[in-house]
Each structure stands twice: as structure tokens, then as C-alpha cells.
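Visitor: Dropping a prediction and its sequence here:
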Amino acid sequence: MAIPANIRPKLSEFVNIGLAKGQALLITKVQSEIRNKLEQLLTECPPPAVLKTISNFIENTRPVITSTEREISRAGKIADQLNPAITAGELLIQILTTNPLPPVVINGILSPVSVIPFTPATVIQSTRGKINSDAAILDWARNLVEALNDEGRAIADGVSTAQGVLSPVKNQLDQLDALVQACFANQDLSEEDRKLLIQDIQGVRNQDPAFTGLEYTAPSGRTYTIKIVEDKNSPEVAPRRQAIVQDFRGITVLTGPASFATRTQILIDEIKFRIDNQLP
């Protein structure tokens, strides 16, 4: 009853191919673009039109990162979902390998079946059949546990590798965001022009409902309120914003990263992902 090779689980192959595609995009395109723009801003602060172009790049890149984070999170959950099956298989193995009956000699021959002395032959034959059946199940269970353990380790390795690729890209994008903010704060602009450019970069609208609170129901069924607030530590001429999450008591239970060059909807999408993965 061993698991045939053609039906052995191939979850890790399927999952890791998806992770590899996300990593390839981050490494070959996104990361190189971020580095080029970092070098540009570290050399000099460009005019507002160029800063707006870089802000657009940041805006378009953050959803790519969030999408990759979702893929990594899903892969990790798949690995976790294998654990109950592994535990059940290990329990079955434990039960089948526990034999309370000692081996006995029948007609001077050591019996391969553990039976009680003076047991009728028909019962012995039946017991032998059961042992053979149990042995087949035991072999199947061991193969299953081995296969699932291999799959779980392979997926976990893929998740770890993907996280290692994603982390520096996120850090570099945050550095780029901070440099755009610093350059923007040093621009010689009128107050009105500065305000209009901020609205254009951040996608701010008058009376945006995100500033008064958006209701969001998590997969757990709990409802939270998402708000966009300005970072009190950022300069007024170039304010950074962040999404916060409040529970039914109005207590802030989760805070997203502060950003200058990220539009409102992207901040909301990012914090929703964090709610789904970090809050009960």
C-alpha cells in the first residue's frame, strides 16, 4: 500500500514555482530599478517633475511587493496545513507498532503472529490476516508521513528563500521613499504648488472617507476600522502618512509603515494584508 510515485504529493513543486516567479520579478526588474533611482537621489535632488515620476514608480512597486508577500503567506499556510495529516499518520504508526501480545510457540515452531496460547487455528489464521493487513497499512502510513514531511520542508525552505529576497527590496524601497520626501521638502515651491503636488503624489481627496474610518471585516469575522493618519514626526512641508487599525473599542491594534510617496488606496491595501495575517 505504499504511495505510488505518480501520485506522491507535489505541493512543494507547485508552490515553489509560484514563489520563484515573484522572486525573479523582484530581482531582475524591481530591485535594479530601485538601486538606479537611489543612486540618482543620493547624487542630487531632481526637479518636482522627476520626483513625481519616481513617486509613481514607488506607487506601482508597492502592490508588487504586497502581492509577493501574499504568495509567501499562502505558501506558509500550505506547509502548516500539512501538519495535522503528518500528526495523524504518526499516531497511526504508533498504534500499529504497539503490540501488547508476546510471541508464542505453536507445535514447537515460533509463531510470526503474537497470539495467546491454546488459541483455535481459525482465530490464529484470522489474526495472521489482520497482522498482514496492519503491516500494509503501517508501510503506507510511513510512506505518507515521509512524503508529507519532505513536502513541508521543501515548502518551508522556499518560503525562507523568498523572504530573504523580499526583505532587502522592501528596505530599499523605503529608503527611496524617504529620499523622495527629503528632496521634496527642499524644493523651492509656493505653498499652493506644494499642496497640489502632494495631493497628486499621495492621491489625497477632500473629505476622503479613509481619514474618518473604513470598516473592514477580517477572515476571522472580526470587524476593524482602518484610518489614514499623518505621521506626527514628519515635516509639514512633506508629510508622511500611514494606515492604522482600530478595534471596536477605538484602540489602535495595528500600525502600517509611514510613507510619503504612497497613495491612499495602496496604504489601505497593505494594511488589509497585515490584518489578515497578524490579527486574530
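Guide: Looks like it arrived, so ask away. Residues are numbered from 1 along each chain as shown.
Visitor: At which residues are the strands of the stretch 101-250 of the chain located?
Guide: Assigned by DSSP state E, counting those that start in this stretch, the stretch 101-250 of the chain shows strands spanning 105-106, 109-110, 214-217, 223-230, 241-246.
Visitor: if you average pLDDT over the first one, what comes out?
Guide: In this case it means strand 105-106. The pLDDT scores in strand 105-106 average 48.
Visitor: and if you look at the last one?
Guide: Here the mean pLDDT over strand 241-246 is 94, rounded to a whole number.
Visitor: list the helices and strands the helix or strand following it packs on?
Guide: Once strand 241-246 ends, the next helix or strand along the chain (criterion: DSSP states H and E) is strand 252-255. Secondary-structure packing of strand 252-255 (3 or more CB pairs under 8 Å, 6 or more residues apart in numbering; DSSP states H and E): strand 241-246, helix 264-278. Backbone N, C-alpha and C define where each C-beta goes, glycine included.
Visitor: Out of the ones you listed, which is closest to Ala147?
Guide: Closest to Ala147 of the helices and strands packed on strand 252-255 is helix 264-278 (CB to CB; 27.9 Å).
Visitor: Could you tell me which ranges of the chain sit under the pLDDT cut-off?
Guide: 1-11, 14, 22, 25, 99-132, 134, 204-212 (pLDDT under 70).
Visitor: what residue is smack in the middle of it?
Guide: Most central in the chain under CA atoms, centre = their mean is Ser73, positioned 1.5 Å from the mean C-alpha point.
Visitor: Let me know the helix or strand that it is in.
Guide: Here Ser73, judged by DSSP H and E, is contained in helix 48-96.
Visitor: thinking again about what came up before, tell me which of the helices and strands packed on strand 252-255 is the most buried.
Guide: strand 241-246 (a mean of 20; mean count of other CB atoms under 10 Å).
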